[in-house]
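[1] Curious how this folds, go ahead:
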Amino acid sequence: MLVGEDKISKSRGNAIYADDLVKFFGVDAIRYYTLHEMPFAQDGTITWELVIERINSDLANVYGNLVNRTVAMTNKYFGGQLNKDFVKEDIDDEFISFIENSVKTVDEKMDQLRVGDSIEAIMELFRRCNKYIDETAPWVLAKDEDKKARLNTVLYNLLEGIRFGAVLMEPFMPETSQKVYAQINTKETSYDSLGKFGAYECNKVTEKPEPLFGRLDPIKTMDEVHAYLGKPEEKVEHKADIEFSDFEKVEMVVGQVKECSKHPNADKILVFKVDFGYEERQILSGVAAYYKPEELVGRKVIAVMNLKPRKIRGLESNGTLLSAVKEKDGKEVLELLSSDMEVGSVVC
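    Below you'll find the model as predicted:
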């Protein structure tokens, strides 16, 4: 699991801890995110912002909203309890087929160990339920007393669809599924109960449904996260002190890159030909991962001149270029701020 594009590293300060995530979002939401966002045989990505986005888009808008408004409509139009006086239409057959086929899809994906795809199939079930609401418009049916049996059928199909989804989701979000079972008041919670659509018992649903997941304000939530985590105290381990006379022994000079090429025997190393005005030197530097050779030609760099020559994979390096470690654990050759700094200038 990567943080953005980087590996999680305590030393880099980008580590995200499960306990902190759970404090803000709950265990099931984090179970959902980490399982859903881990592609098969690939790295997954996590950031605080992405977790918030996924909770809002999937858990609050799709899953939670579906359960909440279906239970609310059942209470509003039928006093909380439906019956099996059904008036079916063609659209119901397609809807029921989709719900039943979702079980097969989840089974197939899990057999292939594609956990994220399996969870996505369950979310598609919930999305189909929300679409069914838009297609059948229960609020319109409720205005016509002659359509009451049809309204009863629509809400039953929705509650049964929700039951199917909650049972499928239980291995991944057990606490949430238990909340759903309580809200729709069902004891048909086994995987075997998904063999055929229509097992929902028409029990009286809860009178006061509570949202499964509240929608999060991204800016406010991140402000709270930052306040809670605080700015970690940076502990920098310095090297042993040296005398100024020791520093004076180091000869650093401004040079300009005349030529640059890849080392023939080392993928991470570039071979520089650097002009110092009074001489040219070959210097090797391990920055090949961060620059193309042609990007460095003409740039001014700082070199330590009085290092003993050494051979690196068969080529001699006469000095070293100053570089700074970046946060993404690369190195970047430092350019001088002043573009008119003369070649051969001594850095002191």
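[2] show me what contacts the residue sitting nearest the centre point of the chain?
    In the chain, the centroid-proximal residue (C-alpha atoms, centre = their mean) is Ile46; its distance is 3.3 Å. The contact partners of Ile46, by C-beta atoms under 8 Å, 6 or more residues apart in numbering, come to 1-3, 16, 33-34, 37. C-beta here means a position set from N, CA and C on the backbone, and glycine is covered the same way.
[3] Pairing partners for it in the sheet, please.
    Val3 (DSSP bridges).
[4] Give me the distance between it and Gly214.
    21 Å (C-beta to C-beta, to the nearest Å).
[5] Leu59 too?
    10 Å.
[6] Give me the contacts around stretch 128-137.
    By C-beta under 8 Å, 6+ apart, the list of residues contacting stretch 128-137 reads 62, 65-66, 69-70, 91, 95, 98-99, 154, 157-158, 161-162, 165.
[7] now, which of the residues you listed sits nearest Asn203?
    Ile162 (13.2 Å; C-beta to C-beta).
[8] ok, back up a step: so how do I select the buried members of the contacts of Ile46 in PyMOL?
    Selection command for PyMOL covering only the buried members of the contacts of Ile46, criterion 16 or more other C-beta atoms under 10 Å:
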select buried, resi 3+33+34+37
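[9] doesn't Glu207 fall inside a helix?
    No - under DSSP: H, G, I helix; E, B strand; the rest coil, Glu207 falls outside any helix and is assigned coil.
[10] List the buried residues for the longest strand seen in the chain?
    Identified as the longest strand of the chain according to DSSP state E is strand 252-262. Buried residues in strand 252-262, defined by neighbour count with 16+ other C-beta under 10 Å: 252-257, 260.
[11] would you turn the residues you listed into a markdown table with distance to Gly230 and pLDDT?
    Output for those, formatted as a markdown table (distance: C-beta to C-beta, whole Å; pLDDT from 0 to 100):
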| residue | distance to Gly230 | pLDDT |
| --- | --- | --- |
| Met252 | 38 | 93 |
| Val253 | 43 | 92 |
| Val254 | 41 | 92 |
| Gly255 | 44 | 91 |
| Gln256 | 45 | 92 |
| Val257 | 43 | 92 |
| Cys260 | 44 | 94 |
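[12] Closest one of those to Ser177?
    The closest of these, once distances to Ser177 are taken by C-beta to C-beta, is Cys260, at 59.9 Å.
[13] Which stretches in this structure count as strands?
    Under DSSP E, the chain gives strands at 2-3, 6-7, 45-46, 252-262, 270-275, 280-285, 300-304, 310-312, 315-317, 320-321, 323-325, 331-333, 346-347.
[14] Quick check: which of those strands is buried the most?
    The highest mean neighbour count among the strands of the chain, using mean count of other C-beta atoms under 10 Å, belongs to strand 270-275: a mean of 22.
[15] ok, and the closest non-adjacent residue to Tyr278?
    Spatially, and ignoring its direct neighbours in sequence, Tyr278 is nearest to Gly344 (6.0 Å; C-beta to C-beta, 6 or more residues apart in numbering).
[16] Distance of the one you found relative to Leu321?
    16 Å.
[17] What subset of the contacts of stretch 128-137 is buried?
    Buried members of the contacts of stretch 128-137, counted by 16+ other C-beta under 10 Å: 62, 65-66, 69-70, 95, 98-99, 154, 157-158, 161-162, 165.
[18] could you redo those residues as JSON lines and give each row distance to Pro174 and pLDDT?
    Below are those laid out as JSON lines (distance: C-beta to C-beta, whole Å; pLDDT from 0 to 100):
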{"residue": "Val62", "distance to Pro174": "19", "pLDDT": "97"}
{"residue": "Asn65", "distance to Pro174": "21", "pLDDT": "96"}
{"residue": "Leu66", "distance to Pro174": "19", "pLDDT": "97"}
{"residue": "Arg69", "distance to Pro174": "23", "pLDDT": "96"}
{"residue": "Thr70", "distance to Pro174": "21", "pLDDT": "98"}
{"residue": "Phe95", "distance to Pro174": "27", "pLDDT": "98"}
{"residue": "Phe98", "distance to Pro174": "25", "pLDDT": "98"}
{"residue": "Ile99", "distance to Pro174": "21", "pLDDT": "98"}
{"residue": "Val154", "distance to Pro174": "29", "pLDDT": "98"}
{"residue": "Asn157", "distance to Pro174": "25", "pLDDT": "98"}
{"residue": "Leu158", "distance to Pro174": "23", "pLDDT": "98"}
{"residue": "Gly161", "distance to Pro174": "20", "pLDDT": "98"}
{"residue": "Ile162", "distance to Pro174": "16", "pLDDT": "98"}
{"residue": "Gly165", "distance to Pro174": "14", "pLDDT": "98"}
